[in-house]
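A.B. asks: need a structure here:
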Amino acid sequence: WNVNAWHWEEKPMTDFSIKWLSRELQGFTLKILSGLAELEFRDVQVTGDASVTVRKGKPIILYLLRVESRWEAAGTAQGLGEAKGSLILPELSAEDGPN
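C.D. replies: The predicted structure follows:
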């Protein structure tokens, strides 16, 4: 019925997006302070909605997600201590764009 994907068609991607982003962020480590310390994300929780829509043959990716995580940083050089905290991204949105 939707020849050449011309008419509006939407595919829910919420489950996939939440699982993928949670998996990618859980345990993700990042070197900070010019490599003198390492930060790791833990207890990642992602909620929200995501979908892929096709209109006139063009895909439109829409998402509005909330990301919460604890993080821990530890020095890799002698004399540096540890730090802990939390990260909350209340609105990770498709409208934010690459900038």
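A.B. asks: what ranges does this protein have for its strands?
C.D. replies: For the chain, the strands defined by DSSP state E cover 9-12, 29-32, 37-55, 58-75, 82-93.
A.B. asks: skipping its backbone neighbours, what lies nearest the residue nearest the centre of the chain in space?
C.D. replies: Nearest to the geometric centre of the chain sits residue 21, at 4.7 Å (Cα atoms, centre = their mean). Of all residues not flanking residue 21 in the chain, residue 46 sits nearest, at 5.0 Å (Cβ to Cβ, 6 or more residues apart in numbering). The way it works is simple: take the backbone N, C-alpha and C, and place the C-beta from them, glycine included.
A.B. asks: any idea which helix or strand of the chain has the worst average confidence?
C.D. replies: Lowest mean confidence among the helices and strands of the chain (mean pLDDT, DSSP states H and E): strand 9-12, at a mean of 89.
A.B. asks: what does stretch 63-77 contact?
C.D. replies: The contact list for stretch 63-77, computed with Cβ atoms under 8 Å, 6 or more residues apart in numbering, reads 13, 17-18, 21, 25, 32, 35-51, 80-94.
A.B. asks: over to stretch 21-31?
C.D. replies: 37-42, 44-46, 65, 67, 69.
A.B. asks: 7 Å instead, please
C.D. replies: For stretch 21-31, the surrounding residues in contact (Cβ atoms under 7 Å, 6 or more residues apart in numbering) are 38-41, 44, 46, 65, 69.
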